[in-house]
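S.K.: sequence first, predicted coordinates after that:
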Amino acid sequence: MSQPDAPRQKSTLFCSDCGYESPAPSGWLEYTLSDQRHKRCPRCFALVTRRPAEPPTDAWDHSRDQVRSGFALWRAGVSQLKQSVEQLAVHG
Ligand SMILES: [Zn+2]
């Protein structure tokens with residue numbers, strides 16, 4: 001009985017140290033250390049991948065900056081309006 005070669009998943013990772021293989025999302029020891037996402041072999045604990053972890057606060061910081069600059073714009077508009085009102089009051 002012959003077995004056809006099963007197409008290998010693109011996401012399958014290999015441990016170059018012991019030959020352990022498993023699809024990327026599962027079967028590996030994953031942890032974050034000093035903003036780096038580490039993936040290690042559960043058999044020999046060799047480091048398989050390491051990449052910068054995406055900080056979840058980025059989007060929040062961005063929107064907060066947008067809100068802050070929007071507020072600054074609004075305040076500038078208000079003070080400009082106040083100025084023109086005062087000028088009208090003086091000249092009118
Ligand atoms: Zn290994």
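M.R.: Nice, I can see it. The structure displayed is predicted, hence computed values, not measured ones. Numbering: from 1, shown residues only.
S.K.: report the contact partners of residue 12.
M.R.: Residues in contact with residue 12, defined by CB atoms under 8 Å, 6 or more residues apart in numbering, are 21-24. Heads up, the C-betas are built off the backbone N, CA and C, glycines and all.
S.K.: highest neighbour count among those residues?
M.R.: Among the contacts of residue 12, the one with the most neighbours (other CB atoms under 10 Å) is residue 22, at 18 neighbours.
S.K.: so which bits of stretch 35-43 are buried?
M.R.: Neighbour-count burial for stretch 35-43, with 16 or more other CB atoms under 10 Å as criterion, is recorded at 38-41.
S.K.: what is the burial count for residue 30?
M.R.: For residue 30, the tally of surrounding residues (other CB under 10 Å) stands at 14.
S.K.: that one touches residue 38, doesn't it?
M.R.: Yes - with contact taken as CB atoms under 8 Å, residue 30 and residue 38 are classed as touching, separated by 6.9 Å.
S.K.: for the ion, what are the nearby residues on the chain?
M.R.: Residues of the chain found near the ion (CB under 5 Å from the ion) are 15, 17-18, 20, 41, 43-44, 46.
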